[in-house]
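Novice: give me a model of this one.
(one chain, ligands or ions: 1)
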Amino acid sequence: MMEQAPLSTLDRKQRLQIPPQTIPKQDPQERITNWDEVCLELDLDTARLEATRCIQCPAAPCTKACPIHNDIPAALARLEMGDVMGAAVKFRETSHMPEMCGRLCPQEVLCEGACVVGKKALPVAIGRLEAFVADQQRKHQGWPLPQAAPPTRRKVAVVGSGPAGLVVAEEMAKRGHAVTVYEAWPLPGGILRYGIPRFKMDKAMLDEKIEMLRKLGVQFVTNTLIGWDITVDDLFEAGSDAVFLGYGVSQGMKMGIPGEDLKGVFTATEFLVRGNLPPEHLPLQWRAPIHPGRRAVVVGGGDTSMDCVRTALRLGARKVVCVYRRTEAEMLGRVEERRHSREEGIEFMFLTTPIRLLGDESGHVKAVRCVRMELGQPDESGRPRPVPVLGSEFEIAADTVVIAIGYRPDRLVIHTTPGLEAEKSGILVVDPETGRTTRPGIFAGGDIAHGAEWVVTALADGKRAAAAIDEYLRRKELGET
Ligand code: SF4
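Specialist: This next block holds a predicted model:
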């Protein structure tokens with residue numbers, strides 16, 4: 001523990017003089033040889049000192065910028081005093097998974113982006129501190145098991161076990177409703193298990209969360225694709241009083257260029273799950289390991305493409321290139337992810353678009369033919385439209401190509417659920433305040449309700465939908481629905 005006066009006696013000026021603490025990380029050359037998390041555990045003294053940089057702003061802009069409104073100053077005040085468990089409890093009052101949000105949230109555009117200290121120096125490292133206290137609490141006390149209300153005889157089916165689905169399941173179980181979560185993959189967790197690489201989040205914490213939910217009474221049915229194996233109406237006929245749809249957006253988009261069916265060409269989803277997960281956690285058709293060869297090209301500029309380039313490195317590729325059609329300024333992913341990628345040796349090729357994938361005589365990809373781009377007038381996204389430069393074609397040698405240009409929703413549930421309306425894109429029509437869909441008794445949240453976003457926005461959706469489902473069940477009990 002620190003040998004100094006109680007930190008709470010420090011005034012604002014003294015706090016602002018504390019330098020930002022270094023967040024320990026694995027050395028880049030070391031970490032590309034393993035799958036462990038990049039960021040290492042903080043020690044208590046460092047965590048307390050970093051928390052002491054918080055000047056306890058009365059308006060708490062960090063809290064306002066957090067989609068689930070974590071009481072950040074209160075949590076940091078407890079940590080500053082050495083009350084690690086109290087800080088974890090404070091984060092858990094509003095967050096169902098602070099250890100995951102602390103690792104996965106884009107803090108630079110949320111809490112840390114709003115942090116007043118960040119106006120003149122680095123903001124308080126809120127995300128790492130949140131992860132630290134939550135980790136410490138689980139390490140010493142296990143995942144806290146919430147109190148469940150007496151059984152209500154009401155049943156709720158949750159489709160998809162990603163962050164939104166897990167929050168709804170937890171909230172329903174806490175209120176005494178019987179909950180069954182349906183998951184298409186072999187294990188629960190959705191994007192937290194199958195979309196996030198291990199080097200960003202150790203999956204042991206997800207296993208602990210699932211175990212805690214089982215203890216709370218939540219049932220999980222895996223390897224079951226709703227809309228295919230059973231329908232939403234089957235769930236109602238089997239006794240569900242309400243259904244929550246949180247199945248995300250999982251269909252990897254293709255570029256629509258020749259050569260995408262060559263061997264060695266993968267969607268981001270297939271590449272990430274086969275690269276990151278043990279075979280027994282995967283469907284049979286995806287259990288064969290991926291050997292990317294020496295040269296991998298990943299197309300796309302978001303966080304998923306950063307996950308893919310870094311996975312390719314860890315799978316043994318020696319040269320990994322990220323190809324993106326605009327400049328770095330237009331990239332949508334996190335700066336930190338690009339920094340980590342660069343540290344690990346990833347090359348970036350901006351203003352470049354593939355126009356054809358070339359194969360060898362055995363039908364395996366061997367190169368990517370690209371064209372240079374220049375930026376034109378803004379398109380519908382508000383970013384400058386990339387325009388091909390005539391006569392600028394060139395080739396990049398590649399043993400593996402990963403297409404990471406975005407996801408779209410699977411339409412199985414829409415096609416098999418009468419009365420459930422969706423936009424042209426496949427995103428469900430949902431009341432953002434309640435998660436209600438166009439069919440009574442069916443609610444939705446997470447990416448399928450607004451397109452791909454963050455874990456923390458899925459948590460916020462789950463919380464809102466859980467409250468609305470509970471209200472719906474109450475009214476149903478009274479015969480008002
Ligand atoms: Fe502390 Fe920053 Fe939040 Fe202010 S904005 S209360 S300094 S974390």
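Novice: now do the helices in the stretch 101-250 of the chain.
Specialist: 111-114, 126-141, 163-174, 191-194, 204-216, 232-237 (DSSP state H, counting those that start in this stretch).
Novice: in the third one, what counts as buried?
Specialist: The one in question is helix 163-174. P163, A164, G165, L166, V167, V168, A169, E170, E171, M172, A173, K174 (16 or more other Cβ atoms under 10 Å). Just so you know, the C-beta spots here come from the backbone N, C-alpha and C atoms, and that holds for glycine as well.
Novice: using CSV, write out every CA atom in that helix.
Specialist: What follows is helix 163-174, C-alpha atoms only, in CSV (Å, rounded to 0.1, in the frame of the first residue of the first chain):
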residue,chain,number,x,y,z
PRO,A,163,-24.5,-9.2,-24.0
ALA,A,164,-28.1,-8.0,-24.6
GLY,A,165,-29.5,-11.5,-24.2
LEU,A,166,-27.5,-12.2,-21.0
VAL,A,167,-28.7,-8.9,-19.4
VAL,A,168,-32.4,-9.7,-20.2
ALA,A,169,-31.9,-13.3,-18.8
GLU,A,170,-30.4,-12.0,-15.6
GLU,A,171,-33.0,-9.3,-15.1
MET,A,172,-35.9,-11.8,-15.8
ALA,A,173,-34.4,-14.4,-13.4
LYS,A,174,-33.9,-11.7,-10.7
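Novice: can you list contacts of that helix?
Specialist: 96-97, 100, 146-149, 156, 158-159, 161, 179, 181, 188, 190-192, 209, 213, 216-218, 244, 246-247, 443, 445-446, 455, 458-459, 461-463, 465-467, 469-470 (Cβ atoms under 8 Å, 6 or more residues apart in numbering).
Novice: buried ones among these?
Specialist: 96-97, 100, 148, 156, 158-159, 161, 179, 181, 188, 190-192, 209, 213, 216-218, 244, 246-247, 443, 445-446, 455, 458-459, 461-463, 465-466, 469-470.
Novice: can you name the residues of the stretch 51-200 of the chain that neighbour the ligand?
Specialist: 54-57, 60-62, 72-73, 114-117, 124, 126 (Cβ under 6 Å from any ligand atom).
Novice: what is the neighbour count of the closest residue to the ligand within the stretch 301-450 of the chain?
Specialist: Going by Cβ to the nearest ligand atom, the ligand is nearest to E336 of the stretch 301-450 of the chain, at 17.8 Å. Using other Cβ atoms under 10 Å, the number of residues around E336 comes to 16.
Novice: and for L225?
Specialist: Around L225 there are 16 residues (other Cβ under 10 Å).
Novice: which residues sit in contact with it?
Specialist: Contacts of L225 (Cβ under 8 Å, 6+ apart): A184, L412.
Novice: ok, now P354?
Specialist: M255, I257, V297, V299, V323, V368, R369, C370, V401.
Novice: in a markdown table, list the buried residues of helix 163-174 along with pLDDT.
Specialist: Output for the buried residues of helix 163-174, formatted as a markdown table (pLDDT from 0 to 100):
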| residue | pLDDT |
| --- | --- |
| P163 | 98 |
| A164 | 98 |
| G165 | 98 |
| L166 | 98 |
| V167 | 98 |
| V168 | 98 |
| A169 | 98 |
| E170 | 98 |
| E171 | 98 |
| M172 | 98 |
| A173 | 98 |
| K174 | 98 |
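Novice: now render those as CSV, adding distance to H364.
Specialist: Formatted as CSV, these follow (distance: Cβ to Cβ, whole Å):
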residue, distance to H364
P163, 37
A164, 39
G165, 38
L166, 40
V167, 43
V168, 44
A169, 43
E170, 46
E171, 49
M172, 48
A173, 49
K174, 52
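Novice: can you redo the helices of the stretch 101-250 of the chain as JSON lines with distance to P289?
Specialist: Formatted as JSON lines, these follow (distance: least, Cβ to Cβ, whole Å):
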{"stretch": "helix 111-114", "distance to P289": "37"}
{"stretch": "helix 126-141", "distance to P289": "30"}
{"stretch": "helix 163-174", "distance to P289": "28"}
{"stretch": "helix 191-194", "distance to P289": "16"}
{"stretch": "helix 204-216", "distance to P289": "22"}
{"stretch": "helix 232-237", "distance to P289": "36"}
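Novice: how much space separates A288 from E270?
Specialist: Going from A288 to E270 by Cβ to Cβ, to the nearest Å gives 11 Å.
Novice: these two: who's more crowded?
Specialist: E270 (17 against 10).
Novice: that one: what's it in contact with?
Specialist: E270 touches G252, W286, counting by Cβ under 8 Å, 6+ apart.
Novice: doesn't it lie inside a strand?
Specialist: No. Read with DSSP: H, G, I helix; E, B strand; the rest coil, E270 is helix and lies in no strand.
Novice: so what's the residue of the stretch 351-481 of the chain found nearest the ligand up against?
Specialist: For the stretch 351-481 of the chain and the ligand, the shortest gap (Cβ to the nearest ligand atom) falls at V456, measuring 16.0 Å. Neighbour list for V456: C66, P67, I68, S95, C101, L104, C105, L110 [criterion: Cβ under 8 Å, 6+ apart].
Novice: re the thing from before, out of the contacts of P354, which are buried?
Specialist: Using 16+ other Cβ under 10 Å, the buried members of the contacts of P354 are M255, V297, V299, V323, V368, R369, C370, V401.
Novice: ok, I346 touching T311?
Specialist: No. The pair I346 / T311 is not scored as a contact, 11.1 Å apart, by Cβ atoms under 8 Å.
Novice: more crowded one of these two?
Specialist: The neighbour comparison of I346 against T311 (other Cβ under 10 Å) goes to T311, with 27 against 22.
Novice: surely that one meets N276?
Specialist: Yes. T311 lies in contact with N276 (Cβ under 8 Å); the separation is 6.1 Å.
Novice: list phi and psi for the closest residue in space to F350 that isn't next to it in sequence.
Specialist: The shortest distance from F350 to any non-neighbouring residue, by Cβ to Cβ, 6 or more residues apart in numbering, is to T327 (5.0 Å). When read as degrees, to the nearest 10, the backbone of T327 gives phi -100, psi 170.
Novice: from what I can see T327 touches M349, true?
Specialist: No. Contact criterion Cβ under 8 Å: T327 and M349 do not qualify, at 11.1 Å.
Novice: quick one on the thing from earlier: can you put the buried ones among the contacts of P354 in TSV and add pLDDT?
Specialist: Formatted as TSV, the buried ones among the contacts of P354 follow (pLDDT from 0 to 100):
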residue	pLDDT
M255	95
V297	98
V299	98
V323	98
V368	98
R369	98
C370	98
V401	98
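Novice: nearest to I226 among the residues you listed?
Specialist: M255 (29.1 Å; Cβ to Cβ).
Novice: ok, that closest one to V124 distance?
Specialist: 41 Å.
Novice: quick one, what contacts D135?
Specialist: E41, E99, M205.
Novice: what subset of those residues is buried?
Specialist: Buried among the contacts of D135 (16+ other Cβ under 10 Å): E99, M205.
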